[in-house]
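Chemist: sequence first, predicted coordinates after that:
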Amino acid sequence: MTRRPIDRRRFNLGLLAGAGSLATPALRAQPAWPNKPIRMIVPYTPGGFTDVTARLITQKLQERLGQTIVIDNKPGANSIIGVDLIAKAPPDGYTFGVVIAAYAANTSLYPKLPYDPRKDLAAVSLIGISPLLAAVNNDAPFKTARELVDYARRNPGRVSFGSSGNGSAAHLTTELLKAQTGTYMVHIPYRGAAPALTDLMGGQIQLFFDAASGLINPGKAGRVRLIGISSDRRLPAAPDVPTFIEQGFPNFTGSTWAGILAPAGTPREIVRRVADEVARIVRMDDVKGRLDGMGTIPVGGTPEEFDSFIAAETAKWGAVIRNAKVTPE
């Protein structure tokens with residue numbers, strides 16, 4: 001029996017068709033994201049503004065995604081340690097991180113970072129903005145922001161102000177106030193907001209800016225006097241405290257904020273999904289109520305909007321850092 005020669009073109013096409021029929025079910029079988037727990041890195045200790053905000057959002061986020069989100073606190077080096085872990089994590093959609101204003105300031109504050117903010121990290125969503133409150137000691141010879149500035153002008157170096165550390169939002173906001181008002185006040189850096197507040201109440205320092213969540217209760221209890229909010233509007237949590245703008249200091253604003261980052265290269269559809277969910281979450285009545293109580297203005301928004309916000313914050317505080325010659329501790 002004579003065998004017919006093989007038509008190699010048809011043979012090769014048949015192999016390709018067979019391979020395609022085998023590959024298609026495999027592609028379709030890939031699990032949808034997320035199919036395992038997600039890691040949320042918080043570059044600060046538990047209990048502070050960043051941690052509380054992260055836990056509030058991730059509690060709702062894991063409900064909406066149907067997957068566990070594990071908070072991983074990695075404090076140290078003004079958030080650099082934790083941010084570096086975010087930057088170096090696999091960009092597979094299973095690692096995110098929550099950062100605050102220090103993230104933008106660090107770009108100018110530190111001459112060399114272990115990560116490149118523009119190349120190694122991707123903006124996801126701005127959770128909210130928390131304008132800083134200004135508090136003074138009850139025995140201080142000034143009771144309003146205007147009286148503070150007038151006193152500081154007449155008495156250069158007589159007013160000392162505390163902060164939670166060199167380059168912190170509290171420090172840079174006060175440096176901005178000094179620059180805009182032509183005053184000289186002495187900076188006393190602390191290792192955290194709690195010891196600074198203690199010394200403010202004790203009279204060792206006269207002025208302290210901090211997130212509203214840290215000063216509202218001491219203010220209501222009469223342990224310190226709240227003299228102004230560095231925002232363009234009053235806060236629902238402290239409606240009786242006027243803004244600095246209302247008191248004659250135009251364009252004076254300063255805040256901390258919280259937002260979500262991902263490693264660069266994380267699939268855009270995953271980044272956008274998380275951003276969309278955060279935008280929904282911050283508008284939920286119970287979440288908005290918690291944020292309002294903390295003195296935080298809910299934002300949400302797109303990755304592109306958050307990226308632009310970070311760029312603006314980096315430029316703003318970079319100028320303050322250079323003008324005041326602020327250096328790391």
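Modeler: Structure's in. What do you need?
Chemist: and the helices in this structure?
Modeler: Using DSSP state H, the helices found in the chain span residues 8-28, 49-65, 80-88, 102-109, 145-154, 169-181, 193-202, 212-220, 268-281, 285-293, 303-324.
Chemist: just put the ones you listed in TSV and tack on distance to Pro117 and mean neighbour count.
Modeler: Every residue, glycine included, has its C-beta placed from N, CA and C. Conversion of the helices of the chain to TSV gives the following (distance: least, C-beta to C-beta, whole Å; neighbours: other C-beta atoms under 10 Å):
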stretch	distance to Pro117	mean neighbour count
helix 8-28	35	9
helix 49-65	17	20
helix 80-88	8	20
helix 102-109	6	23
helix 145-154	33	18
helix 169-181	17	23
helix 193-202	25	18
helix 212-220	26	20
helix 268-281	16	18
helix 285-293	26	15
helix 303-324	8	17
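Chemist: tell me which of those helices lies nearest to Gly228.
Modeler: Evaluated with C-beta to C-beta, the helices of the chain place helix 145-154 nearest to Gly228, the distance being 4.1 Å.
Chemist: which residues are in contact with the closest one?
Modeler: For helix 145-154, the external contacting residues (C-beta atoms under 8 Å, 6 or more residues apart in numbering) are 134, 136, 140-142, 158-159, 177, 181-185, 207, 227-228, 242, 244, 247-249.
Chemist: quick one on the thing from earlier: how about the helices of the chain in CSV, adding distance to Gly259?
Modeler: Output for those, formatted as CSV (distance: least, C-beta to C-beta, whole Å):
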stretch, distance to Gly259
helix 8-28, 34
helix 49-65, 10
helix 80-88, 12
helix 102-109, 8
helix 145-154, 28
helix 169-181, 14
helix 193-202, 20
helix 212-220, 17
helix 268-281, 9
helix 285-293, 13
helix 303-324, 6
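Chemist: ok, and the closest non-adjacent residue to Ile41?
Modeler: Sequence neighbours aside, Gly97 is the residue nearest to Ile41 in space, at 3.9 Å (criterion: C-beta to C-beta, 6 or more residues apart in numbering).
Chemist: pLDDT below threshold where in this protein?
Modeler: Under the criterion pLDDT under 70, the flagged ranges of the chain are 1-30.
Chemist: domain ranges for it?
Modeler: Following automatic domain parsing, one finds the domains of the chain at 38-129+255-324, 131-229.
Chemist: how far does the shortest one stretch from start to finish?
Modeler: Read it as domain 131-229. Criterion C-alpha to C-alpha, to the nearest Å; first-to-last residue distance in domain 131-229 is 7 Å.
Chemist: and what of the longest one?
Modeler: Taking C-alpha to C-alpha as the measure, domain 38-129+255-324 stretches 40 Å from start to finish.
Chemist: again with stretch 277-288
Modeler: Start to finish, the residues bounding stretch 277-288 are 14 Å apart (C-alpha to C-alpha).
Chemist: re earlier: which of the helices of the chain sits closest to Ala122?
Modeler: For the helices of the chain, distance to Ala122 was read as C-beta to C-beta. The smallest value, 6.1 Å, belongs to helix 268-281.
Chemist: okay, the angle between the closest one and helix 49-65?
Modeler: For helix 268-281 against helix 49-65, the angle between stretch directions is 110 degrees (axes from the mean of the first three to the mean of the last three C-alpha atoms, to 10 degrees).
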